[in-house]
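S.K.: Got a predicted model here, sequence first, then my questions.
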Amino acid sequence: ERLLVFAAASLAGPLDTVAKAYGEETGTEVVVSYAGSSALARQIEQGAPADVFLSANQGWMDHLAAMGHIDNATRADLWGNELVLVASAPGPEVALTPETDLMALLAGGRLALALPDAVPAGIYAREALTTLGLWDGVKESLAPADNVRSALALVATGAAPWGVVYATDARAEPAVHVRGTFPAESHPAITYPGAVIQGAGPEAHAFLSYLSAAPSREVFEAAGFRAALAP
Amino acid sequence: MTTVWPGPEEWAAVLLSLKVAFWATLVSLPFGIGMALLLARGRFPGLGLLNVAVHLPLVLPPVVVGYLLLLALSPAAPLGSALASVGVVFAFRWTGAALAAAVMGFPLMVRAIRLAIEAVDPGLEQAAATLGASRLRVFATVTLPLALPGVLAGAVLAFAKAMGEFGATITFVSNIPGETRTLPSAIYAFLQQPGGDGAALRLVVVSVAVAVLAVLASEWLARRMMRRARG
Amino acid sequence: MTTVWPGPEEWAAVLLSLKVAFWATLVSLPFGIGMALLLARGRFPGLGLLNVAVHLPLVLPPVVVGYLLLLALSPAAPLGSALASVGVVFAFRWTGAALAAAVMGFPLMVRAIRLAIEAVDPGLEQAAATLGASRLRVFATVTLPLALPGVLAGAVLAFAKAMGEFGATITFVSNIPGETRTLPSAIYAFLQQPGGDGAALRLVVVSVAVAVLAVLASEWLARRMMRRARG
Amino acid sequence: MSLSVDIATRLGALDLAVAFDAPEGVTALFGRSGAGKTSVVNAVAGLLHPDRGRVVLNGRVLLDRAKGLSVPVHRRRIGYVFQDARLFPHLRVRANLLYGAKDDARLGPICDLLGIAGLQERRPGALSGGEKARVAIGRALLSGPELLVMDEPLAALDQDRRQDILPYLERLRDEAGLPILYVSHAVEEIARLATTLVLIEEGRVLRSGPAAALLSAPDLAPVFGPRMAGAVLPGRIVAHHADGLTEVAVSAGRLFLPAVAGAGGQPLRIRIAAQDVMIALDRPERVSALNILPATVTALHQGQGPGVMVQLSAGEDLLLARVTRRSAEALGLVPGRACHVVLKSVAVAPGGVGQG
Amino acid sequence: MSLSVDIATRLGALDLAVAFDAPEGVTALFGRSGAGKTSVVNAVAGLLHPDRGRVVLNGRVLLDRAKGLSVPVHRRRIGYVFQDARLFPHLRVRANLLYGAKDDARLGPICDLLGIAGLQERRPGALSGGEKARVAIGRALLSGPELLVMDEPLAALDQDRRQDILPYLERLRDEAGLPILYVSHAVEEIARLATTLVLIEEGRVLRSGPAAALLSAPDLAPVFGPRMAGAVLPGRIVAHHADGLTEVAVSAGRLFLPAVAGAGGQPLRIRIAAQDVMIALDRPERVSALNILPATVTALHQGQGPGVMVQLSAGEDLLLARVTRRSAEALGLVPGRACHVVLKSVAVAPGGVGQG
Ligand SMILES: Nc1ncnc2c1ncn2[C@@H]1O[C@H](COP(=O)(O)OP(=O)(O)OP(=O)(O)O)[C@@H](O)[C@H]1O
Ligand SMILES: Nc1ncnc2c1ncn2[C@@H]1O[C@H](COP(=O)(O)OP(=O)(O)OP(=O)(O)O)[C@@H](O)[C@H]1O
Ligand code: MOO
Ligand SMILES: [Mg+2]
Ligand SMILES: [Mg+2]
C-alpha cells in the first residue's frame, strides 16, 4: 500500500495535491521523491525501489527505456508546458519573432535561462532562440543557471533583467513579469513523460492512469501546466 | 500554508536531519580520530596520498560524491549487494543519508582533530610513557583529552555540515519523505516548486534555529572543557 | 570526446577554478584570522550569535546561501548597487564566484584558525606583553606565528572547499564559460545530460589531480613550518 | 625610585593580602613554596588582577582598583624573568633576546655575561634548562625596563654561573639605579643582593624592612633556616694586599677577605653566616682564622634543637653566631659577656660580599 | 642492582660521549649548565636516541644500538622527575600522582612527605612553581620504578622542604634499594645523597667514582667551586645526648653533631666542607667549637686566588681545609706538619649528614 514515485522537482506542488487525493481515495500511500530528473534517472538505473518515474524531459526517459528500466507500454506524456520570456520590470508585451531585437532589450544585461546544453528548460530555450535566429546574437550574453528555478531567481532579484523560463514557474513568481511567449513551433513540445518502473506492481499502473484522469489534469492545469498532446 | 510554524512533514524533515546529523557525527568520530592520529603521527609512505583522499569530498562537487556513493553502494553494485547480504543497506535509507553526510563532513572533522593532536606537547606524552603508559594508554589518557577541544570542534563542524549537506545526499539516496528527505532536501524541493519560496524560507528559519542551538550547545560544552583543562 | 586530456573549455574551467579558489582563500584569510581571534578571545555579548552566524553557510544548503547572496548583492539590491557605484561588482563575475566560495569556506577557515589560537600558551603572550609589546604586536609576533599551522590548515580547507563549491556559486553568479563556469559547475552540467558521465568523469579526474597537488603542497609547507617552530 | 605595593586577593585556599614598600635597590621576596611570592610579583606586573589593591612605581600609579585604574601590562615597563622561562619557541635565541629591545647595542655584552653568545642562532627547543633560564634573564634585561622582576632566576643555574651573574645584577642595582623585585629561596643570593627584604608566609607579610637588619634578627633565624641565619656588616675597603686578600674596615676592627673588587674607601656589605662564627673567650693564637674581633654577647635565642643563636655586638654592629647549647653553657655565654668572634676569611667569600 | 651507560650522540654543537657505571645507591651527575646532563638522563629513559650506545639496568639491556635494540620508554620502568615538571594539565593533582601507580596505597604517606596532601583536588594550573615540582616528584615515586631519574628535582624548593625530602630519598636509596640517577647543581645535595659521582664537562666524563673520594679530592675543588669542596668522613653513631647532640665516632676521635637520627652503631657519612675547617697549631681552649681533632697536613693545593686547599689526615681519613695563603704561611703549613682541625658542630648539620 505504499507507492514510491520519483518525480522531477518542478512538479512538486500539483503532484502533492494529486498524490494526497489518490491516497485518500484508494488507501495507497503515495510517497514522492523530488529531485532533478537526471539524479532520479541515475538512481533508477542503479536499482532504486521506485515504482513510477515522472520526468521533466524525454531524454532521461529515453535513456531508461534504452536500458530496459521502464515498462515501455506504460510510458505516456502527461503534461505540457510553455516557454515564456520574463523580465524583472513590467512593460509591454514583446512579440517573439526573428525580428525581435533581444540585445536592445537586454541593454547590456544578461538573459537568464537554465543550462542551455544540459538542463531541459535551457535546451528548449536554446532551441526556441535558434529557431527564431536570435541565438547567435545573445549567446554571449547569457546567464545560464543550474535549473529553471535558479534562472527565475536571477530575474526576480534583478540580477538579470530578462530570462527564459517555463510558464508554470513564471506565473507563481510575483517579482517577474511575463513579457512574451515563445511560439509553440519554435521548440519541440515541452512534455513531462511518465512511466512505470520495470517490476513495479499493479498500484503503479493505477496511479499512472489516475494522473492522466480528469481530476488530476485539472489540478495540474490550475498550476499552469497544459494538457499533454494526445499520445 | 502561510503560518511560520512548520507542519508535520516539515517536522519530519527536521527530526530526520537531526537524526542523520547525529549519527553521521557519532559514527564517523572514531574514524575521524583514528585518521587524524594517523595523519598527525604516522610515518609511512603513502601518508600524503591518504591525506589527499581525506580531503577529496571537499574538493569534489557534492553531486559527484553522491554519484560515486551511488555507483559503489547501490543494490546493483557488487559492494552494495555484498553489504546488503550482511544486512547493511545504505541505498535509499536514512543510513545512506547519514553516510553521505559523514563522508562530506569527514575532512572537516579530521582536520580539526589533527590540528589539536599536533598541538599537544610531546613532553607530556613522554612523561606519560615514563610512567609506564603504553602508546594506546598515552593516547587515550593524555593526547586525546588534551585534544578534546579539537575533537569537539571537529564534531561541531561535521554536525553542521551534516545539517546542511544536500547535493551528495539527494544524489545518493534521493529525497524520500520520512526516509531521506532531510531539511536541505525539503528546502530544495520547495525551491524547485513554483510558489514554494515561502515554505522554503520557513525551513531555512528552522535550519538556522537548529544551528543556533547546536552551536551554542557546543560552545557551552567547549567552555566547560576548557575550564576543566586549564583548572 | 573520449580522450582523457581535457579540451580548451575544460582547461578554462580548471584555470578559473584555481583563480577563484586562490583569491577566495587569500582575500578571506585576513577576515578569517580576525574572526577567529574575535571568537577565541573576544568577551562581549553577542559573541555566541556571531559564532552561529559564522557557521551558517555550513548549515544551510549551498543553494540557499547562493540565493541569499543574490538577494543581497544583485545590482538591483541596495547593497549591490552601492558596491557597484564604487566599482565592486560581483554579479556574473568571477569575483562573485570567489565571494561565494569564500563565504562557503569561511566557517572551515575560522574554526581551524580559532582552534590554533586557543591552543597558544597564554603565558607566552603574557611574556611578550611584559616586554612592552602591545596587544597588536603580541598577536602579530607571538599568537599568529604559533597559530600558523592552524592558519595553514584553515587556508587548505577553504581552498579545497572553494575548488568543490558549486551550489552557491551557480545560484549566485550563474555558469558563464570563462567567467563563472568553475570545474564543479562544468561537471554538474555534464552530469545533467544522459551520456555526459564520461566527460564529467574526466573533469573529476582533473579536480582530483589539482587537489592532490594543492594538499601535498600544503603539507610540505606545514612540515617546513613545524620544523621551524619546533627548532 | 620606589615601588609601593598593597594588594589583596583570593587564590584558591590562600588569602593573599600583602603590602610593602620597596625603596631603591633590590627588594627580595622570601617565603616557602606556595606562600604567594609569584602571585605578588604577577600582580605588580599586571598579570594577576587582585580583588583590591594599589601598585605605584616611581610615582606612576600602575594599579588602583578603588579608582578602577590598571595600566596594561605592556605599558608598565616591567621586565619579568619568569619562574618558567617562557621563551618564544618559534623565535631563535637572538630574536627572543631582542624581542623587547630598542636596538642591539647591549646584546653583545649581555650575551657574554650570560654565556649565551654561542646560542644566538639556536631555537629554544634545543637549549638546556639552564641555558633557557639565562636567555630569559637576558631578554628581560634587554627590554630596558623601569623595574626588573625576577622569579627565582638563578634556580636552574650552577654555582659558577650564579657567581658571574650576581655581580652584574649588583651593578644594575647600583649603577643603573634599576629597582629589582627578586624572588628566591637562596638566602645567600638574597643576603648578597637585597637591600630590602619582604618575608611572606601564607599570603601575609611576616616582616619587611632592611635586609641587613632582618637577616641578623635572631628571632627570624628559623625563617631562613638555622644554617642560613647570619648578619650583614657594613664595611669599607682599606687596601688590597699582594697575597690576594682585601683588608676591610668594620666598626669593630679589620677583616681580611679574599679579593673584593673596588677602590679604597668603597663601601661593602659583608654577610657573615651565624654558623661560620666561632666564639672564643680568649683571643686564639696560631690558628688559620685571620679575622678575630672583640665582641660582647647581647642576646641569646634558644631555638628548637641543640643550637643557640647568640647575638653579639662588635663595634657598632651586630653579629650572629650559632653555637651548641653545650658550648654556650660551657663558655658561660650570657648577655654582657665579653669574648672574641673568630671567622675564617674564606667563609665570607666570594658569595657573601656585595657592594654596599 | 646497577646501571651501566655508554652512549654517544651529537647535540647541536655538543659532542656527547659519556660512559659510566652506576652501582647501587645514588649516582649523581654534576656539571655546568649545558654540559649534557639532561641529555644523558634522557638517553637512559629512552627519550633520546643516541647515535650509538648501550644502556643496561640490572642486567636488562635497555638499549643496544649495535644490535638495533631499544626497549620502549614505557617498558623501561624508569621513574623520571623532569627538569620542568610536566604535570598533566587536564588531570587533578591526585590523578597526576596516581597516573603510573598500581594502587593508592602509598599515596597518603608520599603526599604527607611532600606537603601536597591539601592540593589533591587542584588542577596543575593553580599550583605554585614549588608545588608543581613536588607533585612531579610524587608522581614518579608512585609509579613504582626500578630506577629513579631526577633532573634537578629540588631546584624550585625552599630549604625546609629540601630537608624534608632528602631523608626520604636516602631511605628510598637504602631501604627500597632503589637506584637513583640524580642531576643537581647543589653540592650539598650531592654530598649528602650520592654514593657515586659522575662529573660531566662539555659532553665528556671528567671523572667518575665514589662520591666521598671525588668530593675530597683537592684537585677537583675548582669543579665544585671553592666554597663547595669538602671531604666526606665515614662515622658511626655512639650516643645521643640529652642536650640534642649526637656523638659520632670517626677514625680520629669523637665528633658532636646536632641530633642525627639512627640507633647506636649506625654508620653515617659526614660531609665537612673545606671552608668550615679551621686549623690551629695548639689545641684551642675555651672556644665554642666542640669538635677538635688532631691531624697532620698531607698535601697543599694552591688554587687561583688567595686560598689554599689543605689536605689533612685525621685518623684514617682525609679532610680538606680551605685557608688563606697568608695563614698557611703564618702557621707554616707543610706536609707532615702536626696540627688540630677545629670544626663547629653546627657547621656540619643537618644538611651534611647522610646515612652511610
Ligand atoms: N635538540 C638539540 N639540538 C641541538 N642542541 C641541543 C639539543 N638538545 C640539547 N642541546 C644542547 O646540548 C647541550 C646539552 O644539553 P642538556 O640539556 O643535556 O644540558 P644540561 O647539562 O642538562 O644543562 P642544564 O644544567 O642547563 O639543564 C646544551 O648545550 C644544549 O644546548
Ligand atoms: N589560579 C589559582 N587558583 C587557585 N590557587 C592558586 C592559583 N594560583 C596560585 N594558587 C595558589 O596560591 C598559592 C601561592 O602561589 P604562588 O605561585 O604565588 O606561590 P609561590 O610563593 O610563588 O611558590 P613557589 O615558591 O612554589 O613558586 C599556592 O598555594 C598556589 O597553589
Ligand atoms: O525539473 Mo529539472 O530536471 O530541474 O528541469
Ligand atoms: Mg613561585
Ligand atoms: Mg638539564
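M.R.: Everything's here; your move. Numbers count the residues shown, from 1 in each chain, chains lettered A, B, ... in the order given. Ligands and ions are numbered 1, 2, ... in the order given.
S.K.: Quick check: bridge partners of the residue of the stretch 151-300 of chain D found nearest chain C?
M.R.: In the stretch 151-300 of chain D, the residue that lies nearest chain C is residue D:151 (11.5 Å; C-beta to the nearest C-beta). For the C-beta atoms, the positions are set from N, CA and C on the backbone; glycine is no exception. Here residue D:151 sits in beta bridges with residue D:183, going by DSSP bridges.
S.K.: correct me, but it touches residue D:41?
M.R.: Yes: between residue D:151 and residue D:41 there is a contact at 5.7 Å, judged by C-beta atoms under 8 Å.
S.K.: Quick check: neighbours shared by these two?
M.R.: Common contacts of residue D:151 and residue D:41 (C-beta atoms under 8 Å, 6 or more residues apart in numbering or on different chains): D:80, D:183.
S.K.: Tell me how many other residues surround the nearest residue to residue D:341 once chain neighbours are set aside.
M.R.: Leaving aside its chain neighbours, residue D:341 sits nearest to residue D:295 (4.8 Å; criterion: C-beta to C-beta, 6 or more residues apart in numbering or on different chains). Counted with other C-beta atoms under 10 Å in any protein chain shown, residues neighbouring residue D:295 total 25.
S.K.: Could you verify that residue D:295 is part of a strand?
M.R.: Yes: assigned with DSSP: H, G, I helix; E, B strand; the rest coil, residue D:295 falls within a strand.
S.K.: dump the residue contacts of it.
M.R.: Counting by C-beta under 8 Å, 6+ apart, residue D:295 has contacts D:252, D:279, D:312, D:313, D:314, D:319, D:338, D:339, D:340, D:341.
S.K.: if I look at the closest residue to the first one other than its chain neighbours, how far off is residue D:236?
M.R.: Distances taken as C-beta to C-beta, 6+ apart place residue D:315 nearest to residue D:252, at 3.1 Å, with adjacent residues excluded. Distance, residue D:315 to residue D:236, using C-beta to C-beta, to the nearest Å: 12 Å.
S.K.: try residue B:124
M.R.: 55 Å.
S.K.: neighbour-wise, which of the two wins?
M.R.: residue B:124 (19 against 15).
S.K.: can I assume the more buried one is in contact with residue B:146?
M.R.: Yes: applying C-beta under 8 Å as the test, residue B:124 and residue B:146 come out as touching, 7.1 Å apart.
S.K.: Now do the strands in the stretch 51-200 of chain D.
M.R.: Remark: strands assigned in the stretch 51-200 of chain D by DSSP state E, counting those that start in this stretch are D:52-57, D:60-64, D:69-70, D:78-81, D:147-151, D:180-183, D:196-201.
S.K.: Residue ranges in chain A under the pLDDT threshold?
M.R.: A:229-231 (pLDDT under 70).
S.K.: for it, what spans make up the strands?
M.R.: A:2-8, A:29-35, A:52-54, A:70-81, A:83-87, A:111-114, A:142-145, A:162-166, A:177-181, A:190-197, A:226-227 (DSSP state E).
S.K.: for chain B, same thing?
M.R.: Under DSSP E, chain B gives no strands.
S.K.: Same check on the stretch 251-356 of chain D?
M.R.: Under DSSP E, counting those that start in this stretch, the stretch 251-356 of chain D gives strands at D:253-258, D:267-273, D:277-280, D:291-302, D:307-314, D:317-324, D:338-343, D:353-355.
S.K.: got a markdown table for the ones you listed, with mean pLDDT too?
M.R.: Shown next, in a markdown table, are those (pLDDT from 0 to 100):
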| stretch | mean pLDDT |
| --- | --- |
| strand D:253-258 | 87 |
| strand D:267-273 | 82 |
| strand D:277-280 | 90 |
| strand D:291-302 | 90 |
| strand D:307-314 | 88 |
| strand D:317-324 | 88 |
| strand D:338-343 | 91 |
| strand D:353-355 | 58 |
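S.K.: one step back: check the strands of the stretch 51-200 of chain D for me and report the most buried one.
M.R.: strand D:78-81 (a mean of 28; mean count of other C-beta atoms under 10 Å in any protein chain shown).
S.K.: That one and ligand 4 in contact?
M.R.: No: for strand D:78-81, no contact with ligand 4 is found by C-beta under 5 Å from the ion; the gap never falls below 11.9 Å.
S.K.: quick one on the thing from earlier: of the strands of chain A, which is nearest residue D:197?
M.R.: With C-beta to C-beta as the criterion, residue D:197 lies closest to strand A:142-145 of the strands of chain A, at 81.1 Å.
S.K.: and the closest one, how far out from the chain's middle?
M.R.: Put simply, strand A:142-145 sits 17 Å off its chain's centre (C-alpha atoms, centre = their mean, to the nearest Å).
S.K.: does chain B sit close to it?
M.R.: No: Strand A:142-145 stays clear of chain B (C-beta under 8 Å from any C-beta of the partner chain), getting no nearer than 12.1 Å.
S.K.: Can that strand be said to contact ligand 3?
M.R.: No: judged by C-beta under 6 Å from any ligand atom, strand A:142-145 and ligand 3 are separated, with a smallest distance of 10.1 Å.
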